[in-house]
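>>> Structure for this input, please:
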Amino acid sequence: MKNVTDSFVSLGHWPSAGGFGFNTDILATNPINLSVVLGVLIFFGKGVYNLLSLSDLLDNRKQRILNTIRNSEELREGAIEQLEKARARLRKVEMEADQYRVNGYSEIEREKLNLINSTYNTLEQLENYKNETIHFEQQRAINQVRQRVLQQALQGALGTINSCLNKELHLRTISANIGMFGSMKEIRNN
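Below is the predicted model of the structure:
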């Protein structure tokens with residue numbers, strides 16, 4: 001510290017030739033000049049302190065920004081990884097959905113064909129039953145008509161026979177019929 005004071009003292013002993021110089025005599029200096037010099041020193045000293053503080057603030061801010069960027073990069077990488085996983089799951093689900101869709105369509109087509117075949121078989125069976133029923137009803141109707149015709153023919157024949165036959169002719173016809181039945185019986189037995 002003594003060297004700093006000596007340098008000011010030596011500055012004070014310079015010859016003043018209307019130039020600038022320092023007056024080291026405290027009592028001879030103007031208090032206004034001293035306050036200005038002190039104010040300038042304080043102002044610039046504070047600025048230097050503030051500059052040091054500002055550089056610390058800037059360094060801290062830079063570190064926070066770098067940390068934020070690093071964290072953002074890590075989050076971005078994590079998000080990209082999750083996005084890739086989600087895309088892979090989506091592709092897998094889409095493939096499964098396509099497979100279900102294809103299987104569903106083929107199953108629907110198979111069921112449709114089975115239903116068509118089953119319906120066709122049922123209709124064919126119903127058509128056969130209908131035809132059999134119609135044939136049976138036709139045969140029954142034919143048989144009924146035959147029986148009725150035969151019955152009417154027999155009634156007409158009996159009526160004709162009864163009107164044309166007398167007792168003797170009647171007995172002869174019965175004897176002839178009994179003879180025919182006897183001969184038919186003998187033929188069957190042989």
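
>>> Show me how far stretch 149-156 is from its chain's centre.
Per CA atoms, centre = their mean, to the nearest Å, the displacement of stretch 149-156 from the mean C-alpha position of its chain is 81 Å.

>>> CA atoms of that stretch as CSV?
Taking Å, rounded to 0.1, in the frame of the first residue of the first chain, the C-alpha atoms of stretch 149-156 are listed here in CSV:
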residue,chain,number,x,y,z
VAL,A,149,-116.5,-95.2,-59.5
LEU,A,150,-116.2,-98.8,-58.6
GLN,A,151,-118.9,-98.4,-56.0
GLN,A,152,-121.2,-96.6,-58.4
ALA,A,153,-120.5,-99.2,-61.1
LEU,A,154,-121.2,-102.0,-58.6
GLN,A,155,-124.4,-100.3,-57.6
GLY,A,156,-125.4,-99.8,-61.2
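
>>> mean confidence score for it?
Model confidence over stretch 149-156, given as mean pLDDT, is 86.

>>> Also stretch 76-90?
93.

>>> May I have it as CSV, with CA atoms only?
Provided in CSV are the C-alpha atoms of stretch 76-90 (Å, rounded to 0.1, in the frame of the first residue of the first chain):
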residue,chain,number,x,y,z
ARG,A,76,-36.7,-34.9,-27.0
GLU,A,77,-34.8,-38.2,-27.3
GLY,A,78,-37.1,-39.8,-24.8
ALA,A,79,-40.1,-38.5,-26.7
ILE,A,80,-38.7,-39.7,-30.0
GLU,A,81,-38.1,-43.1,-28.4
GLN,A,82,-41.7,-43.2,-27.1
LEU,A,83,-43.0,-42.0,-30.5
GLU,A,84,-41.1,-44.9,-32.2
LYS,A,85,-42.5,-47.3,-29.7
ALA,A,86,-46.0,-45.9,-30.2
ARG,A,87,-45.6,-46.1,-34.0
ALA,A,88,-44.4,-49.7,-33.7
ARG,A,89,-47.4,-50.6,-31.5
LEU,A,90,-49.7,-48.8,-34.0
